[in-house]
Every structure is written in C-alpha cells, then in structure tokens.
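Engineer: model this:
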Amino acid sequence: MILLSGEGNSRIEVKQSVFIGRAVRVGTPEEANEFVKLQRSTYPDARHTIYAWKISGDINMQKYSDDGEPSGTAGLPVLSLLEHGGLTNTAVAVTRYFGGILLGKGGLVRAYTECAKAALNDASPAEYIEGKETFITVPYSLSDKVMFELKNLQCEIRDTTYLQDVRFLIASSAGNTGEVLKKLTDITGGAAAFEDNGSSVIKGEGILL
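Structural biologist: Take a look at the predicted model:
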C-alpha cells in the first residue's frame, strides 16, 4: 500500500487566485472530517475549501467535495489523483482565495490538481509493506551488538528503553521476522528475550506522484 510519511503543504498562485494545499495521513472518517474542519477554520475568509479523502482496511470509504466550485472541477480530480497514485488513508484539502479572474472548468481542474499533487509529494508518499512489531530485551553488554545487527537486517528500531536491561521495539517485514529473531538468538547466545507486539506496516521505497 502507498501511504504518506508525514504532513505535506503547498501554495500556488494562478491568475491572482491563491491555492493553499495540505495533505495528511488519516485512519478513520472522523479523523478525515476533523482535518477538513481544521483547514476551513484556519482560512475562514477563503472563498472555497475543497477536499478529498480515501480510507482502506477495516473501513473502505472515500469522499470529496467541490465546496461551491463547478461540479467535477475540484474535489473529484483530487480524489482521482489519490486513486491513480494508489494512495490510501489519505486526506487532502485545498483552499482557494479567489483573485477576481475566472479560470474556467479546465483551469480549475489543473489548479486544484497541481496544488493537491504538490502537497501530497511534500508529505513523502512511500510504499509500505505488512510487518510485525517485536520487543527485544537484551543485557547492556549486548545492546550495541544487537543494534548493529538490527540495522544490518534492515529492521526499523521504533523505540529503545534503558532500564535494568535494554529493550528495543523493532518492526520487521512479516516474512522476515522469523529470520531476524533466529539471528539475534544466535549472536546473543540465547540471551535475547522476545515479545510479539502485533502487526504493523513498514516504510519502503519513496515515490513521486
């Protein structure tokens, strides 16, 4: 799946109209609606704030709004951008300050699409794969060795806690987790303790829309 790695922002000007875009990762319709509400409250004096969002997984939903622009010139092209780019769990809003010059239907489609695309690319879309999270606890004396090996195994270290021992929270691809745990057992002489923390997703290669 393709998800956003962060928040993206954009701003373009077309024939004196200013378009301000923002793109974020969302997990529920409620989060998407709150995001749109925040965008509108941030620019309360703007003429239009259009949006599109798409969520997949336990809930499969998508929604868009032209917010008073001619039908099919704003929200729908942005939703099409999400679909053609393979993006999910993504919300995009574009606010327009009208500059007094009509852009026509084609001009509006181009402007909203360009602004949304710039915001999405600014949010660093990337391919994410199914993975698993695991807690790994090792003695202090082995922590540097384990950390080095985790990087060699291309695991993502999401948290490190230093108490009586060192506890790592790592993410590894679902198909590679068994090999990772076996390798860590071998290099620590069986001193590493493991605790499954459930499924997750792992960031892979970045893309541009």
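
Engineer: The residue lying closest to S199 once chain neighbours are set aside bridge partners, please.
Structural biologist: Computed as CB to CB, 6 or more residues apart in numbering, the closest residue to S199 that is not its neighbour in sequence is K132, at 5.8 Å. C-beta: built from backbone N, CA, C; applies to glycine. Beta-bridge partners for K132, by DSSP bridges, are S172, S199.

Engineer: who's in contact with I101?
Structural biologist: Contacts for I101 were tallied using CB atoms under 8 Å, 6 or more residues apart in numbering; they are K15, Q16, S17.

Engineer: again, only using 7 Å
Structural biologist: In this structure, I101 makes contact with K15, Q16, judged by CB atoms under 7 Å, 6 or more residues apart in numbering.

Engineer: And stretch 82-91, end to end?
Structural biologist: Taking CA to CA, to the nearest Å, stretch 82-91 runs 9 Å from one end to the other.

Engineer: And stretch 188-199, by the same measure?
Structural biologist: The straight-line separation of the ends of stretch 188-199 (CA to CA) is 25 Å.

Engineer: try stretch 114-131
Structural biologist: Using CA to CA, the distance between the terminal residues of stretch 114-131 is 33 Å.

Engineer: What count of nearby residues applies to P70?
Structural biologist: Burial of P70, expressed as a neighbour count using other CB atoms under 10 Å, amounts to 12.

Engineer: rewinding a little: wait, the residue nearest to S199 touches V201, no?
Structural biologist: No: K132 lies out of contact with V201 (CB atoms under 7 Å); the separation is 10.1 Å.
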